[in-house]
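Q: Have a look; sequence and predicted model below, questions after that.
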Amino acid sequence: MPTRQQRRVKARAPLKKKHRGQLAFIAILVGLLALGTSGIVYSFFNKPEITRGAQPGDHWHAKYRIEICGAPVTPFRQSEGEIHTHDRGAQGDGQIHIHPKTPAFSLDNANLEAFLGVSETFLTREKGRNSLLFSDGTDYKDGEKCQGSDAKHKLVVQANGKPVKGHPGKFVLHHGDDIVIRFGPKPSKGASPMPNPQTAMQQRQGGPPGAGGLPGPEGAPPGAPTGPSAEGAPPEPGAPPAGELDPGSGGETGTNPDAGAGGP
């Protein structure tokens, strides 16, 4: 016959099993909650990469810089449009502001070519050769040289440290991109910047294209125009013929290349 102590042990056994079951359930529940929380945190900080271009309602920003023959070019000044840039003080902010409103600047059309175009700068590719044409007519193409150098260079476009393949102007911009357009060697630390042709033209207030701008092609002075406007362009309406005095000017006709350039 079982003793009183044995009866007590037997009576407590179901309670112990029930208690262990409750603890196991609580442990599983806590584990599931922890797993779910970690998944939420991971997905929040590791969002899937957006591969499409910007669309109406997006407001993205990307950094850019242009480097020519070992010198950084000052950023474009403020421009208008759905893909544009802003000023920061007396110069551009070096940012591409991407917030399209129409299909013409959305998705695949929200690209580098669209941004440069609003500043009258054109990034093209013909027969496998890249070319960058500035608003003053100065252009840089694959296979050309920098002044004072015998080396031939390529016009390279990089996005986030990687070369852009194919037509660089068709590169679709994304939020956080870091774009570099470079012709010639990479600028050394502390290299003096060159004025952006668009800004230089505005400062000259109607001076001749190319004056005081970027270095021209090999054998041409800095900023010399490379297109048909360099020679043989018809005079402005009402302008006196070349060589005659401009009444009231006290000298020959023409514009001082340094006029309005803002000093050295």
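A: Yep, it's here.
Q: list the helices and strands the longest strand seen in the chain packs on?
A: Scanning the chain for the strand with the most residues, using DSSP state E, yields strand 60-68. For strand 60-68, the elements it packs on are strand 71-73, strand 95-98, strand 178-183, judged by 3 or more C-beta pairs under 8 Å, 6 or more residues apart in numbering; DSSP states H and E. Glycine gets a C-beta too; all of them are placed from N, C-alpha and C.
Q: Let's verify residue 123: helix, strand, or coil?
A: At residue 123, secondary structure determined by DSSP: H, G, I helix; E, B strand; the rest coil is strand.
Q: Residue 102 contacts residue 83, correct?
A: No. Using C-beta atoms under 8 Å, residue 102 is not in contact with residue 83; the gap is 11.0 Å.
Q: Who has more neighbours out of those two?
A: Neighbour totals were compared for residue 102 and residue 83, and residue 83 leads with 26 against 9 (other C-beta atoms under 10 Å).
Q: what about the more buried one, distance to residue 69?
A: 27 Å (C-beta to C-beta, to the nearest Å).
Q: ditto for residue 114
A: Residue 114 is 26 Å from residue 69, by C-beta to C-beta.
Q: Between these two, point out the one with more neighbours.
A: Set side by side, residue 114 and residue 69 show more neighbours around residue 114, with 24 against 20, by other C-beta under 10 Å.
Q: surely that one meets residue 105?
A: Yes. Here residue 114 lies in contact with residue 105, judged by C-beta under 8 Å, at a distance of 5.7 Å.
Q: shared neighbours, those two?
A: Common neighbours of residue 114 and residue 105, using C-beta atoms under 8 Å, 6 or more residues apart in numbering, are residue 83.
Q: pLDDT score assigned to the nearest residue to residue 60 once chain neighbours are set aside?
A: Of all residues not flanking residue 60 in the chain, residue 175 sits nearest, at 3.7 Å (C-beta to C-beta, 6 or more residues apart in numbering). Residue 175 is assigned a pLDDT of 96 by the prediction.
Q: Tell me the secondary structure of residue 175, please.
A: Per three-state DSSP, residue 175 ends up coil.
Q: how much space is there between it and residue 109?
A: Taking C-beta to C-beta, one finds residue 175 at 16 Å from residue 109.
Q: Residue 187 is in contact with residue 71, correct?
A: Yes. The criterion here is C-beta under 8 Å, and residue 71 meets it with residue 187 at 5.6 Å.
Q: Overlap of the contact sets of these two?
A: When C-beta under 8 Å, 6+ apart defines a contact, no residue borders residue 71 and residue 187 alike.
Q: mind listing the strands for this protein?
A: Using DSSP E, the strands of the chain run over residues 60-68, 71-73, 83-84, 87-88, 91-92, 95-98, 122-126, 129-133, 139-141, 144-145, 152-153, 155-159, 162-163, 178-183.
Q: quick one: which of the ones you listed is nearest residue 28?
A: strand 60-68 (43.6 Å; C-beta to C-beta).
Q: Just want the angle from the closest one to strand 155-159.
A: Orientation check (axes from the mean of the first three to the mean of the last three C-alpha atoms, to 10 degrees): strand 60-68 against strand 155-159 gives 150 degrees.
Q: For strand 60-68, list every residue counted as buried.
A: Of all the residues in strand 60-68, those buried under the rule 16 or more other C-beta atoms under 10 Å are 60, 62, 64, 66, 67, 68.
Q: What about residue 148, how many residues nearby?
A: Residue 148: 8 neighbours (other C-beta under 10 Å).
Q: do the one 4 residues further on as well
A: By other C-beta under 10 Å, the residues close to residue 152 number 12.
Q: okay, and for the stretch 101-250 of the chain, where does confidence drop off?
A: 199-250 (pLDDT under 70).
Q: do that again at 80, thanks
A: 198-250 (pLDDT under 80).
Q: So what sits opposite the residue lying closest to residue 167 once chain neighbours are set aside in the bridge?
A: Nearest residue to residue 167, sequence neighbours excluded (C-beta to C-beta, 6+ apart): residue 125, at 4.4 Å. In this entry, residue 125 is beta-bridged to residue 130, by DSSP bridges.
Q: Cheers, nothing more for now.
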